[in-house]
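1. Predicted coordinates and the sequence they were generated for:
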Amino acid sequence: MPKGIVLASGSVHRRELLKNAGVDCTVRPSDLDERAIEAPLVNSGATPGDVAQVLAEAKATDVSENHPGEVVIGADQTLALGEDVFHKPASMEEARRTLLALSGKTHTLNSAVVLVEDGNVTWRHVAVAEITLRKLDPGFIGRYLAMVGPRALTSVGAYQIEREGAQLMEKIEGDYFTIIGLPLLPLLKELRERGEIDG
């Protein structure tokens, strides 16, 4: 018999991806301090993919402790440009600096998803996408940020590919779901194989 499915993320985008795919889940975001979890990893040799996976596991495990007998989905995404790892911008000025740094370059998105049951990680997956932004004029970046407003602060690259952010792109290698922040197809496959969703 299928168990309840819980999404340990406050991301509207992840919730919508699951809802649109027909996955009924309860949303219970974790309130862990992600930067505190990430800090020890910075100089440990952990890759951006490792960091995404550790954060996804930490959030899902935290939520799982209050949801025994249910399947908890944890997810996280990191953006790497060479050795530099970016986080969601905290201000519009930070969003502007992010886009200036990414302008004309190829960056990597690492999207991790895990399943946790009763505090134990039972499945994990990391998917990678590479995005090249076109060379962006600083004036255009200002106009773009004025157009999208606070939505620029909801994603690690200060863009949403499913909306106006598509105008920033020159080249994409990787699947849409990975870019949004949830490797949906591997997750659905795993949930089907477990009998948690109809298959």
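-> Yes, it's here.

2. ranges for the helices of the protein?
-> Taking DSSP state H to define them, one finds helices in the chain at 12-20, 34-38, 48-64, 92-102, 138-148, 176-180, 184-193.

3. With distance to residue 160 and mean neighbour count as extra columns, can I get the ones you listed in TSV?
-> (Glycine included, C-beta is placed from N, CA and C.) TSV is the format used below for the helices of the chain (distance: least, Cβ to Cβ, whole Å; neighbours: other Cβ atoms under 10 Å):
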stretch	distance to residue 160	mean neighbour count
helix 12-20	8	16
helix 34-38	20	14
helix 48-64	19	23
helix 92-102	12	18
helix 138-148	8	14
helix 176-180	8	20
helix 184-193	16	17
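
4. lowest-confidence stretch among these?
-> Comparing mean pLDDT across the helices of the chain, the weakest is helix 34-38, with a mean of 86.

5. tally of neighbours for the closest residue to residue 88 other than its chain neighbours?
-> Residue nearest to residue 88 in three dimensions, not counting chain neighbours: residue 156, with 5.4 Å by Cβ to Cβ, 6 or more residues apart in numbering. Counted by other Cβ atoms under 10 Å, the residues lying close to residue 156 total 19.
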